[in-house]
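Undergrad: curious how this folds, go ahead:
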Amino acid sequence: MKDTQSNPYIRQYQRKSKSPWDDASTILLLADVVDDELSFERYIYLHRDSLGRILGISISKRLLDDNPDLDSRYLDDVEMYAVLLMYIDEISLFCERFAEEFEAIFGLDPSGYFEAAELRWYSIIRDI
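TA: Numbering: from 1, shown residues only. Reported below is the predicted structural model:
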């Protein structure tokens, strides 16, 4: 796995996060790519605690503006799963850019992970 200090996809915090959670790291799930460079007008970060547990996601202002039903850039529980499902195809394609790191973290390649996750996330939303 590549060094997380210089990796734009996986970031371990060196100082307190601005998020509402006690998070220790983030994983970039979605960003625009322009001329093979990351652009952060549209992004989704997965926030994790020091044990690697998922706390929630943060989304860009642009994604918040594109989804008027959402009232915060920081989402967890059902809202988190709903947003992840809305963007699952884009997220899966984006995560292929760092498939080696992704598999080291989640134990599956991005396409396999998101195929299984999609079923689980729909069941979570359906059960609410």
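Undergrad: who are the packing partners of the longest strand belonging to the chain?
TA: Ordering each strand of the chain by length in residues (DSSP state E) puts strand 37-48 first. In this structure, strand 37-48 makes packing contacts with strand 25-34, strand 54-59, helix 61-66, judged by 3 or more Cβ pairs under 8 Å, 6 or more residues apart in numbering; DSSP states H and E. Every C-beta, even on glycine, is put in place using the N, C-alpha and C of the backbone.
Undergrad: and the longest one, which strands flank it?
TA: Spelled out, it's strand 25-34. strand 10-12 (antiparallel), strand 37-48 (antiparallel) (DSSP bridges).
Undergrad: in it, what's buried?
TA: 25-31 (16 or more other Cβ atoms under 10 Å).
Undergrad: and stretch 41-60, end to end?
TA: For stretch 41-60, the first-to-last residue distance is 7 Å (Cα to Cα, to the nearest Å).
Undergrad: ok, stretch 93-104 next?
TA: 17 Å.
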